[in-house]
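Asks: Sharing a model that was predicted from the sequence below.
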Amino acid sequence: MASSPFSRICLSLSGGGFRSAAFSLGNLSYLHQLQYRGDALLQQVVTITTASGGTFPGLRYALDQYEDKPFEETFRTTLAWLKNTNVFDVALSHVRTPAFWDQNPGKRRSLINAAAILYQETLFDNRRLSVFYDKSAQDLPPLKTFIGTSTEFKEGLNFRLAWTRVAGQSLTFGNRRWDLNYPETPYSDAKGISIDALREIRLGDVAAASSAFPGAFEPISFPDDFCPEDSKCLAPLIDEERRNKIEELQRKRSELRAAEKADERDIRDINNQINDLRDICNPATALMDGGILDNQGLGAAFHAEKFLGDGEPFHSLFFVADNASYFVDDFEFETLRKEFGLGARGLLRLLQTIGISVLTLGVVLMALSYVYLGLVTLVIGGLTGGGIYWLNRRITRLSRSALSSQNMRRYWNHLVRLPLPLLVRFLKERGRSFYLMVEQVFLKQIRGFYQERLFNDERFRHRRFISHLYLFLRPKEDDINRSEYRRILKNAKTHRELEAGLPLDKVYDTVTEAYTMPLTLWFTQEEQNRQLPEKLIATGQLTACAMLLNHLIILGLDPEGEEDHRPFATYEEEEKQALRNTFAQLRGDWAKFKENPMWLVNNLS
């Protein structure tokens, strides 16, 4: 057991857009507020892991620590950026502006690269990873390790955007395909990345790779999109000539496979050529949101624990700020009163028939000497009928070229003949179920997997807790026994501490409203008028306070004076007194949160 529960803290900031970013900033700011041994408890955080939206405040805090800036500046800068930045609005504006890409020639013209440039210029002050390597060993802050999570779309593996300044230790940047630490072996095809190459990576690209949510963004390419114009070490990892040859061979292989009588020997020969080229060519790796595989940053935390501790316990506490929940929205089935009618193909034919009828009417009118009216009718009918005919032929050609197999063409013919109301219902239900699967069902399964590992592994006992965004949602029917905090925090002494004094109504109101914030990359004016950014931060602060209070009670620090045999009893008397002082502040701060949940946000703002 560590000599202190707070000697080395690993802080994990979860994904979830700007909602997560604000909630994470709240947890960070309460750790700054809470005192331990005469300093902010935040100074005991030695490792930060982040996913998606949590990367924005986490990486900004790391940058400011290495540039010797006070936390108050970090707080104000990050909050102002969250409130004043609409990522999609700015990124879309950049994508449609050719001159913008003339100024950024090293980047592909894409939404994710536009977002990366926005992050780099407006949040990270055009800094690169070199800022973390340039600091002299004697001037290092307490924070010495950072891991931003991403997901690579080649083998479905975690891709860790990591650095560490722990003496004598190193961490994997990337994964077994791109690996800083491990040279190529018969068991790994990892491409080595030097420290000098890492120094060139822009912080905006790190944030973009960690927060590129599928559907909203396309993947960002490593190392291509990470390579600055002045690159000397990343650039040699890109081999355009060989990559183009690989793409050409891949297209040829696809054409052969689509052929009805494909020769397997030809395909095998192409596969061999591709593999030979890949042996001497670093592949471009598609990176997307780290929350796909590790939305709480816990996988990265386990990775840091393993490598930094050389198999022994390294961190005294795993503090997880979790924006997500176990709730899954009900699937809503579409109601359809009318399931008959024209299909898409039938509708096109009907419109074409109408166009021909109008054309015929024009001829009749001209024959009856209504020349001007007949001419106008002819033009309208010709354009309508001709346009619909062209569109019908175009769709037919496209479907034949895009749908290579006979089965797919047969399925397409069925679909275009379905009644339009029924087809719309099919599309809506499939889109809604796909969204629920990706955004909720799948992510919550992965979340549960990492949580089970954290709470079922005895090695983490007394070294873990999760600060849940939903902990203080207003309970159903205002029944305190149905509250989330009572379900999660089962200790009766904790209940008495949290419920003593003023009622929890103001806490419930703040958290319940903050929870309504959707997972977007902007705060609308209406959301800002409701103070949702500030309320999310306050939710993070008060939840962190409650969880730390509960953690000390679980460790054996008994507010009722009956300290027992649990870890607290094993600490030195000096440490016990330091923890009692911290506990006293937690009690006082919790009373303030019940009176005014926004008090700390107001103080920092």
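Replies: Yes, it's here.
Asks: is it true that T151 lies in a strand?
Replies: Yes: under DSSP: H, G, I helix; E, B strand; the rest coil, T151 sits within a strand.
Asks: can you pull the contacts of the nearest residue to it once chain neighbours are set aside?
Replies: Counting by Cβ to Cβ, 6 or more residues apart in numbering, T151 lies nearest to I292, which is 4.3 Å off, once chain neighbours are set aside. C-beta coordinates here come from the backbone N, C-alpha and C atoms, glycine included. Contact analysis of I292 by Cβ atoms under 8 Å, 6 or more residues apart in numbering lists 151, 214, 443, 446.
Asks: Need the three-state assignment for I292.
Replies: Three-state call for I292 (three-state DSSP): helix.
Asks: I'd like to know how far the residue nearest to Y119 when sequence neighbours are not counted sits from E121.
Replies: Excluding its sequence neighbours, the residue lying closest to Y119 (Cβ to Cβ, 6+ apart) is G204, at 3.8 Å. Using Cβ to Cβ, to the nearest Å, one gets 7 Å for the distance from G204 to E121.
Asks: out of the two, which sits in the busier spot?
Replies: For G204 and E121, the more surrounded residue by other Cβ atoms under 10 Å is G204, and the numbers stand at 25 against 12.
Asks: Tell me the spacing between the more buried one and T77.
Replies: Going from G204 to T77 by Cβ to Cβ gives 15 Å.
Asks: same check, this time on A286
Replies: Computed with Cβ to Cβ, the distance linking A286 and T77 is 31 Å.
Asks: what does S3 give?
Replies: 35 Å.
Asks: ditto for P475
Replies: According to Cβ to Cβ, P475 stands 36 Å off from T77.
Asks: same thing with A492?
Replies: Distance, A492 to T77, by Cβ to Cβ: 42 Å.
Asks: Among the two, which residue is more densely surrounded?
Replies: Shown here are A492 and T77; by other Cβ under 10 Å, T77 has more neighbours (18 against 10).
Asks: For that one, which non-adjacent residue is closest in space?
Replies: Closest to T77 by Cβ to Cβ, 6+ apart is R60, at 6.8 Å.
Asks: now swap in F333 and tell me
Replies: For F333, the spatially nearest residue (Cβ to Cβ, 6+ apart) is E429, at 6.8 Å.
Asks: In terms of secondary structure, what does the helix or strand encompassing the one you found contact?
Replies: Assigned by DSSP states H and E, E429 belongs to helix 420-436. Packing partners of helix 420-436 (3 or more Cβ pairs under 8 Å, 6 or more residues apart in numbering; DSSP states H and E): helix 344-367.
Asks: what mean pLDDT does the helix it packs on have?
Replies: The average pLDDT within helix 344-367 is 61.
Asks: go on, stretch 151-159?
Replies: Mean pLDDT, stretch 151-159: 87.
Asks: Buried residues in it, which are they?
Replies: Neighbour-count burial for stretch 151-159, counted by 16 or more other Cβ atoms under 10 Å, picks out 151-152, 157-159.
Asks: Please apply the same query to stretch 453-472.
Replies: For stretch 453-472, by 16+ other Cβ under 10 Å, it's 454, 460, 462-472.
Asks: Quick one: the helices in the stretch 1-150 of the chain, in order.
Replies: Using DSSP state H, counting those that start in this stretch, the helices of the stretch 1-150 of the chain run over residues 17-33, 55-66, 71-84, 87-95, 98-102, 111-122, 130-133.
Asks: And those helices: which comes nearest I220?
Replies: Nearest of the helices of the stretch 1-150 of the chain to I220, taken as Cβ to Cβ: helix 111-122 at 4.8 Å.
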